[in-house]
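Asker: From the sequence below, what's the structure:
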Amino acid sequence: MVIAYHHTQRGVWIMAVLLAAAMLDAFVAWRSGQWSPLVALVALIAAAVVFSSLTVEVGATELRWYFGPGFWDYRLPFNDIQNVAPVRNHWWNGFGIRMGPGFRLYNVSGFDAVELRLKSGEIRRIGTDDPQGLAEALKSAGRGG
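Answerer: The predicted model follows:
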């Protein structure tokens, strides 16, 4: 697959918060002598690894994005995209994979994103610290005019 655009955004704040919560949970488990908080500890560390970054690639026929090490990825054929535009999210839209009012958001840091209006009427927002670059790469690929 030919990749016309490849960019990875680090989720520094989300990792810091999740790892701080994991450390607090480990302290509680150690002080209480109970093992049950360790389940939350494992979940917090796993979430920190998964949401450590968001990588976006514009290939020859599709847009692909994945979190962290890429255990799973999302793919969207260019033929499904009707329009592309840089947007700014509100702080309350959050981070990770979120359902917002009328759209689905994939984000690890910051408020900038590229909004993809699909021919099906659905809206996807891909968080990025390079919204202009991603939007231009998608437009150059011939999609989302």
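
Asker: looking just at contacts, which helices and strands does the helix or strand of the chain with the lowest mean pLDDT meet?
Answerer: The helix or strand of the chain with the lowest confidence, counting by mean pLDDT, DSSP states H and E, is strand 96-100 at a mean of 82. Applying 3 or more C-beta pairs under 8 Å, 6 or more residues apart in numbering; DSSP states H and E, one finds that strand 96-100 contacts strand 103-107. C-beta here means a position set from N, CA and C on the backbone, and glycine is covered the same way.

Asker: Provide the contact partners of the strand it packs on at residue level.
Answerer: Taking C-beta atoms under 8 Å, 6 or more residues apart in numbering as the criterion, the residues outside strand 103-107 that touch it are 54, 65, 67, 74, 89, 93-99, 113, 115, 122-127.

Asker: Write a PyMOL command that selects only the buried members of these.
Answerer: Below is the selection syntax for PyMOL that covers the buried ones among the contacts of strand 103-107, with 16 or more other C-beta atoms under 10 Å defining burial:
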select buried, resi 54+65+67+74+89+93+95+96+98+113+115+123+124+125+126+127
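
Asker: And stretch 13-30, what's buried?
Answerer: Taking 16+ other C-beta under 10 Å as the neighbour-count basis, stretch 13-30 is seen to contain the buried residues Ile14, Met15, Leu18, Leu19, Ala21, Ala22, Asp25, Ala26, Ala29.

Asker: same deal with stretch 110-117?
Answerer: Gly110, Asp112, Ala113, Val114, Glu115, Leu116, Arg117.

Asker: got those as JSON lines, with pLDDT columns?
Answerer: Output for those, formatted as JSON lines (pLDDT from 0 to 100):
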{"residue": "Gly110", "pLDDT": "88"}
{"residue": "Asp112", "pLDDT": "94"}
{"residue": "Ala113", "pLDDT": "95"}
{"residue": "Val114", "pLDDT": "96"}
{"residue": "Glu115", "pLDDT": "95"}
{"residue": "Leu116", "pLDDT": "96"}
{"residue": "Arg117", "pLDDT": "95"}
